[in-house]
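*Asks:* Below is the structure, and that's it, no one-letter string:
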Ligand SMILES: Cc1ncc(C[n+]2csc(CCOP(=O)(O)OP(=O)(O)O)c2C)c(N)n1
Ligand SMILES: Cc1ncc(C[n+]2csc(CCOP(=O)(O)OP(=O)(O)O)c2C)c(N)n1
Ligand SMILES: [Mg+2]
Ligand SMILES: [Mg+2]
């Protein structure tokens, strides 16, 4: 498995400058996502989280890079692997962990679960568990921004495996023809569930090598470098806001854990995980910050603070009751009911 | 509208030689398809054909070029615009016209209609009326040929508009990954139903400009030149038979009539049809044959013979009874029944 | 009152709502410049321009996905799926996304959108362009399902659907597009979830939908005149919400229930109504519940075969007469 | 007799048929190297090789299209759709292509293929990974629909489905994968279209499917022991073909019918059976037909909510007891 993704980069380096504040924010975000996902993992082991769950461990730089670059009124559309993206928009950690644990305080009151995290108040417009479905939905949100001239951008995250389903193709074509302000972000972590993406895809870069089919640029970036993600995000979102149309960005990354809770990840070749652990986005970013002159103490403080928040959220979620059964019969319809008959 | 398609051709000219016999066959085929479609049109006007119907007038060179190049055991998959492709495999004209007229002698005994012509005995494996659906089906047939080592090829015809639906993408990718012996032929007649393809597609050549997304060559040919179609067909089918995998061929053409029976074609810009009528495949082919030294009398004989066949088929179809009502309750299941209960 | 065709009532309903609410947008294949393959949307592009009336590629998943994304961010889209059979290519967006999103998000996201589609048989189009699939939709929790039988209902129910805060699947009956009928002048908005009793009888209750309403009315006349059987005819109009009050009360009055469905037999909406009646009106039913449906087969295309397959006036008369003996 | 899990019975059924017929091939996502996300196909790749056991891209339309194309040209493919909810993304290939092709072609094309899929709730996966959608399939003329409740039936009915000359949609119950049961040694082939009476009672007849069979059996024990109500329990096993003879005869014996469905209420298979009973057993029914179903809502994910939504043993007991009063 080739981890030397830099070599494949073809997009010209973005010219955006990253300030100190932004760097701190990028680090803080990554820490929160990492710690929160690790906590989710611990909570499984304690059987406090039921059902399935798909962690983003190792992929945090993408969520953080975009999360920091987005405006508050931009929209995120993500998949079942959506905890990080939802948190990156500022959704409450208690709400996320609570939802995973099926508690009343959960973002969805326990009705949606791990695969459907949504916080409309933060622009987190849903996590979609059917592969491909949310690409056209994101295009639709972008259409509405374009229609209203609101300069909002829709950002849609999905995996490498998702590039082989029909909805990907339809959404990309329509977005390109209508010049919609939508950024499609393929998090290429080299695997669909357990099958290597290269075994089932006709091109090497499942997203980028298809950009030309929609008249778009070929863009491959290092998804483990939060700065690179941030710059790319800012550049293409800016273009989209100004009417320049969509972009399709392929961010190379790797998930440290299995596909989902049930998966020990045994199908990965010897040494592959280890190689990628050397490129851990958070460790890399920490080193960079130190090189750039940030104080070790500042970073330690940030780390402690992120951990404190996760602890606090964990306790709050644990303390939350399970949802009342009355919730079952609410909210199929906008009038709050579930009635199909009179 | 640019009708100068030669300019856009990028595939190296195939080296296949066309013999005299083949040329006669190509002309004969085109004549039969043309006369038969024209007859279908007349039969509408006489209200002898009910329902809808989609003619291939103007697109005959593609069906003929492939029809002549295919082996008897190869498979054709086509769309509702499938009369020509079905006839080109040798299906009976009486069976085709009979089906359009809803008669017992119809290829499908009146149960399928114009949009579903099928003659398995001739390798015409069905006409599919839902856009895109037959591309994966053709891939499946190719998979079975590959599995059995039978050296059969599946040829799948579809329109320009079809390249924007999800099933196109899924079928192309899977076929490329599995190196299936399937040839995808996009008949680009510049319109989906009434909407110009360029208004709804992100690239100029809806099929060819996407070939690279599946690791395939970019191929655009003049679909009104039966020789060019034949040579291209022979070349890529031969490669597919030998394990070289699929091809995606975009054949530029134009339909002389409306999309379907109900369509007068008013959306076409002034002069466009006229320009394409100058490139009528049959007139062009006739001139070429004369240039190549074929005798006028030979061609006239062929024309008369084709017309005689169409007349004969028309009479046979008209003489055929409407299907017996007993047919309704037959053939949902392989045991011949339609029973869902005991 | 103006006389309009069923087809023109579609355009009139859309125009009425686009005029009053600029959040209403409309997208689909060949709906704009061409006015729709059934000519049901002629004039809308000219009136409202290409920003609000958008011709799309052949990408049904993208069409409905776009409608959904637009609806959750403040627009009120109307999406056309040309033939209801094609709902199969975008069924995920209907059944898994649009229908479930409000509930899954605990009410955070509402989806005020309408999916219009041409439903049903009678045009000799064959098995992939003739299905009556309203029960595909009824089966899925989270979408409202409407199927009008008259031009006035087309306009009024379409307007109501567009104003409704929930997703509505609106089934237009292909075979009725050229039917004419009185449509109220001026703004006309109906109410979703109300059945209508079109004929009051004393011997049996016929419950029907869309084109089957007309056939049932014709059958009821014949049954009355020729066989002295007096039928109530209920036009269901809306499968979700379902007006069980009206339906059950009309069944109760006659003690006999016949449902007339165009869709194939298994799991049709008639089965649902029969099961409700068999639970809730059991003691007032005087005889078996009879469902008249298309047989459970794909639809044949030849005219004679198609006509013999879909419930006909003759068949309705015959079945009711035999069963009422 | 060996004891096998429901999950291992899947692999055993496939292996049995792949051994005897080399036209049988198997494709799907993560089914080969990984042995399936439910580990129901472990060992097949090793045994039969990558030519016959093919891992595919995430392309459900291509998977089913490929199965269809292969079936019409001489193979006997088994295709896996990982979760039955995902049938929505390839519904066109199921409902419009596979189901209709034999009829439309006047019998020219037969499609001996099996679509296996994991169906149903109970794993806290939420609304898009927990649906019981067997009625989506039952509704479509032209596909057979099977849903086994026991490991022996998994193997026997899967083998029968693979040998069947028609397309079969085979619903495996997610929540039963780890259930153990006796499976006959050696070749085991069952017959499609036969319901099975699992318990004979005198007071009422419960008709159930898949996981609801187990809950109904448990409820029947409790009803007998604690309330003196004696129930017949019928495992439908096959929705198409439907064994109406067995079902109607068992309803006739008790005069009372309860259907127990996991799917949401509207247009479920229980409605179909209720409508058949309301027509054909009307005179032998002693009381209203009662359908016990999941409410007509998307499925919530939290364990407590999910458990309260799907019919439980307690609810079956309660509803039957109340109605039998
Ligand atoms: C239509 C559909 N098919 C299959 C699945 C099952 N499934 C869930 S995740 C997944 C793999 C997705 O891979 P990728 O897009 O690379 O995302 P990743 O999980 O790696 O983030 C699959 C096949 C699904 N949810 N929806
Ligand atoms: C899924 C689906 N959507 C829409 C249609 C309606 N429809 C029939 S033909 C057609 C246009 C197809 O255009 P193209 O692929 O270019 O083929 P052509 O008719 O030009 O040969 C459309 C939209 C359909 N049959 N199936
Ligand atoms: Mg991946
Ligand atoms: Mg075209």
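*Replies:* Received it, and whenever you're ready, just let me know what you need. All values reported here derive from a predicted model rather than from experimental measurement. Numbering: from 1, shown residues only, chains lettered A, B, ... in the order given. Ligands and ions are numbered 1, 2, ... in the order given.
*Asks:* Which parts of the chain are helices?
*Replies:* Defaulting to chain A. A:20-45, A:60-69, A:83-88, A:93-100, A:134-148, A:166-177, A:226-241, A:272-277, A:281-291, A:296-319 (DSSP state H).
*Asks:* could you do chain C instead?
*Replies:* C:6-20, C:44-52, C:60-71, C:91, C:101-104, C:134-138, C:151-163, C:211-227, C:244-254, C:269-280, C:303-309, C:313-324.
*Asks:* packing partners for the first one?
*Replies:* Right, helix C:6-20. strand C:24-28, helix C:44-52, helix C:151-163, strand C:168-173, strand C:180-183 (3 or more CB pairs under 8 Å, 6 or more residues apart in numbering or on different chains; DSSP states H and E). (Glycine included, C-beta is placed from N, CA and C.)
*Asks:* Need the nearest residue in space to residue A:243, chain neighbours excluded.
*Replies:* residue A:179 (6.6 Å; CB to CB, 6 or more residues apart in numbering or on different chains).
*Asks:* Check residue C:93 too.
*Replies:* Nearest to residue C:93 is residue C:64, by CB to CB, 6+ apart, at 4.0 Å.
*Asks:* I'd say that neighbour and residue C:89 touch.
*Replies:* No: proximity of residue C:64 to residue C:89 does not meet the contact threshold set by CB atoms under 8 Å, at 9.7 Å.
*Asks:* In chain C, which residue sits nearest ligand 1?
*Replies:* residue C:92 (7.2 Å; CB to the nearest ligand atom).
*Asks:* Identify the residues contacting that residue.
*Replies:* Counting by CB atoms under 8 Å, 6 or more residues apart in numbering or on different chains, residue C:92 touches A:130, A:133, A:167, C:61, D:86, D:88-89, D:91.
*Asks:* What about the spatially closest residue to residue A:307 that is not a sequence neighbour, how many residues nearby?
*Replies:* What sits nearest to residue A:307 in space, not counting adjacent residues and going by CB to CB, 6+ apart, is residue A:35, at 5.6 Å. If you count neighbours by other CB atoms under 10 Å in any protein chain shown, residue A:35 ends up with 21.
*Asks:* Make sure residue A:35 is actually in contact with residue A:306.
*Replies:* Yes: Residue A:35 is within contact range of residue A:306, at 5.3 Å (criterion: CB under 8 Å).
*Asks:* Which neighbours do the two have in common?
*Replies:* Contact criterion CB under 8 Å, 6+ apart; residues shared by residue A:35 and residue A:306: none found.
*Asks:* In contact with whichever residue of the stretch 201-325 of chain C sits closest to ligand 4, which residues?
*Replies:* As assessed by CB to the ion, ligand 4 sits closest to residue C:301 within the stretch 201-325 of chain C, at 22.9 Å. By CB under 8 Å, 6+ apart, the contact list for residue C:301 reads B:51, B:102, B:110-116, C:124-127, C:130.
*Asks:* top of these by neighbour count?
*Replies:* residue B:113 (35 neighbours).
*Asks:* Read off the pLDDT value for that one.
*Replies:* Predicted confidence (pLDDT) for residue B:113: 97.
*Asks:* ditto for residue C:205
*Replies:* pLDDT at residue C:205 comes out at 98.
*Asks:* That one: how many residues sit nearby?
*Replies:* 27.
*Asks:* ok, and the closest non-adjacent residue to the one residue in the stretch 101-250 of chain A that gets nearest to chain B?
*Replies:* Closest to chain B within the stretch 101-250 of chain A is residue A:166: 1.8 Å, counting by CB to the nearest CB. Distances taken as CB to CB, 6+ apart put residue B:166 closest to residue A:166, at 1.8 Å, once the chain neighbours are dropped.
*Asks:* which ones are touching the one residue in the stretch 1-150 of chain A that gets nearest to ligand 1?
*Replies:* Nearest residue of the stretch 1-150 of chain A to ligand 1: residue A:131, at 3.5 Å (CB to the nearest ligand atom). Contact analysis of residue A:131 by CB under 8 Å, 6+ apart lists A:79, A:158, A:161-162, A:165, A:167, D:58, D:86, D:89.
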